[in-house]
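Undergrad: Sequence plus predicted model, see below.
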Amino acid sequence: MREQSYKTLTALFSKGTAVVKNLTSVVKEELLAWLPESESQRKRVYQGAAAAGVFSAMALAFAASQTSPGIDVISGNFVAEALELNIQPSDIMRSAPLVSEDRVRRSDTLAALVGRLGIADSELQSFIKSDVNAQVLMQLKAGATVSALADVEGRVKWVRYWGLLDKGGESTRVVLIERKAGKLVSSIETVAFEKQMEVRNGEIKSSLYGATDAAGVPDAVANQMADIFSAQIDFHRDLKSGDKFRVVYENYVFKGEVLRPGRILAAEFNNGGKRHAAFWFSPAGSSGGYYTADGQSLKQGFLLSPLEFSRVTSGFTNARFHPVLQEWRAHRGVDYGAPEGTRVRATADAVVDFVGQQNGYGNVVVLRHQGKYTTWYAHLSGFGSEIRKGARVQQGDLVGFVGQTGWATGPHLHYEFRINDVQQNPLTVSLPGSAPLEGSLLGLFKRRSSDLTARMMTPTPRLARLD
């Protein structure tokens, strides 16, 4: 009893006040093991402890210990004898409904997100899947913020999803799900926000996402960085331990709270000792794009890979043993292994030439670029909602999802690059570039990029909280 109460009070006190300091690593591990794993539940424990007067009781215990023999001195740290209070986390949580907030993570599921918010309400998940407004939450866009209030049994009172950015970047639409008269209802409201600039830097230890997580960079910004440098850095194979990055990006802020990250304004990536830099530039009458420090466009004719992150499982070769046909034959493309459902992107601006099924290709999309170039995306599990014959797509647009349709023994993307309908090796073919900036536009760009470089090299304090 005494040991359990001590752990309870010390854990709460160490979070709620500054009295208990410099705990040994063993005690810290015990406290972390005792507290709930969910961050939202931990917050509820802390708030409930304050509401239940636990901190007041601890203060009394500490004061009493000053004149009591129940004090130990260990390396100069005072440890007060704990009161024998039988307080359990569940008791504290029952007294403290709390607003919880989390961000959508990579490869998240609705069930996992709802669980992290402390919600145990099957009605909510059914409602999200069936309601027209609420179905937006099924998109689970990485980096989007979701906040919720649930009662002590985990039954939802309301949920807000801050994931719908309006075109033009001046407002966001918030999906609100709330319980009225015992029933869940939904609505969409529009709120205006301001933009703030954030500066971050980090170092690669094992992976890009591991480094960006450690640096506090949202997943949505990490994805942008991978896109921006995808023509210079093969993030499947080229990353090295010790590579470093710096990034300046926008945050969309509402009443002092970060709703979501916005566009990268400037980024630098040192890969294997080679520096790569990119700056956003959008002069009047232009849709904007990223350029190097000397004004060269980073929007290459073609991306190096149709997937953000994956691995090459089979290369371009004249002789490969086919796993389905059980015979040796040429493999005129590159296979990328990835989980089923992984998003496949267009490697360049194009017009959809074909969408449908073709024998061993299964579900396939063919895009035509600049007349003589075509790219093929095969074995898809499904197609992007905007993909239809004759439709125009931009570089990076969603083409479909990784699958294993046609002659495939597992989920992967078969990708082909053709010139005048002759297959070329996508990993070695020379790809066309884009026009550089010139004249007055180049001068304007250099002035703006110089300002961003100065900002990037002198990180500023965080302007708003990013969890």
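TA: On my side now, so go ahead.

Undergrad: Please make it C-alpha for all contacts and neighbour counts, starting now.
TA: Noted.

Undergrad: for the stretch 1-150 of the chain, which spans come out with low pLDDT?
TA: 1-98 (pLDDT under 70).

Undergrad: now do 80
TA: The model of the stretch 1-150 of the chain has pLDDT under 80 over residues 1-101, 103, 106-107, 139-145.

Undergrad: Kindly report the same for the stretch 251-400 of the chain.
TA: If you take pLDDT under 80 as the line, the stretch 251-400 of the chain has these spans: 254-260, 284-287, 299-301, 308-332, 370-371.

Undergrad: Identify the residues contacting Leu444.
TA: Contact partners of Leu444, counting by CA atoms under 8 Å, 6 or more residues apart in numbering, are absent.

Undergrad: max-length helix in this protein?
TA: Longest helix in the chain, counting residues (DSSP state H): helix 439-457.

Undergrad: Could I get the average pLDDT for that helix?
TA: What helix 439-457 shows for mean pLDDT is 91.

Undergrad: same deal with stretch 187-196?
TA: Rounded mean pLDDT across stretch 187-196 is 82.

Undergrad: How far does that stretch sit from its chain's centre?
TA: 20 Å (CA atoms, centre = their mean, to the nearest Å).

Undergrad: gap between the two ends of it?
TA: Stretch 187-196 stretches 28 Å from its first residue to its last (CA to CA, to the nearest Å).

Undergrad: List phi and psi for Leu110.
TA: phi -60, psi -40 (degrees, to the nearest 10).

Undergrad: you'd agree it is up against Lys141?
TA: No: the pair Leu110 / Lys141 is not scored as a contact, 11.1 Å apart, by CA atoms under 8 Å.

Undergrad: Buried residues of the longest helix of the chain, list them for me.
TA: 445-446, 449, 452-453, 455-456 (16 or more other CA atoms under 10 Å).

Undergrad: Which SSE is immediately downstream of the helix or strand hosting Val159?
TA: Here Val159, judged by DSSP states H and E, is contained in strand 156-165. Per DSSP H and E, the first helix or strand lying C-terminal to strand 156-165 is strand 171-180.

Undergrad: still on that earlier bit, please enumerate residues in contact with the strand holding Val159?
TA: 119-121, 124, 137, 141, 144-151, 171-179, 259-260.

Undergrad: can you give me the helices for the stretch 151-300 of the chain?
TA: 208-215, 219-228 (DSSP state H, counting those that start in this stretch).

Undergrad: and these as a markdown table, adding mean pLDDT?
TA: Formatted as a markdown table, the helices of the stretch 151-300 of the chain follow (pLDDT from 0 to 100):
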| stretch | mean pLDDT |
| --- | --- |
| helix 208-215 | 89 |
| helix 219-228 | 88 |
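
Undergrad: could those be laid out in CSV, adding mean neighbour count and distance to Asn425?
TA: Converted to CSV, the helices of the stretch 151-300 of the chain look like this (neighbours: other CA atoms under 10 Å; distance: least, CA to CA, whole Å):
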stretch, mean neighbour count, distance to Asn425
helix 208-215, 17, 26
helix 219-228, 19, 21
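
Undergrad: and Ser187, which of the ones you listed is closest to it?
TA: Of all these, it is helix 219-228 that lies closest to Ser187, at 25.5 Å by CA to CA.

Undergrad: which helices and strands sit right next to the closest one?
TA: In terms of contacts (3 or more CA pairs under 8 Å, 6 or more residues apart in numbering; DSSP states H and E), helix 219-228 is packed against helix 208-215, strand 257-271.

Undergrad: Doesn't Ile119 lie inside a helix?
TA: No: assignment of Ile119 by DSSP: H, G, I helix; E, B strand; the rest coil gives coil, placing it outside any helix.

Undergrad: and it, how many neighbours?
TA: 23 (other CA atoms under 10 Å).

Undergrad: if I look at it, how far off is Ser186?
TA: The gap separating Ile119 from Ser186 is 17 Å, by CA to CA.

Undergrad: who's in contact with stretch 351-358?
TA: Residues outside stretch 351-358 that contact it (CA under 8 Å, 6+ apart): 363-369, 387-393, 406.

Undergrad: go on, stretch 244-263?
TA: Against stretch 244-263 from outside (CA under 8 Å, 6+ apart): 143-145, 162-163, 191-204, 218, 220-221, 224, 264-271, 452, 455-457, 464-466.

Undergrad: Buried among these? Make that a PyMOL selection.
TA: Here is the PyMOL command that selects the buried residues among the contacts of stretch 244-263 (16+ other CA under 10 Å):
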select buried, resi 143+144+145+162+163+193+195+196+197+198+199+200+201+202+203+204+218+220+221+264+265+266+267+268+269+270+271+452+455+456+464
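
Undergrad: And the residue nearest the centre of the chain, how far from Leu452?
TA: Centroid-nearest residue in the chain: Asp219, 2.6 Å away (criterion: CA atoms, centre = their mean). To Leu452, Asp219 is 22 Å away according to CA to CA.

Undergrad: Likewise for Trp158?
TA: For Trp158, the distance to Leu452 equals 41 Å [CA to CA].

Undergrad: now Glu268
TA: For Glu268 relative to Leu452 (CA to CA), the value is 11 Å.
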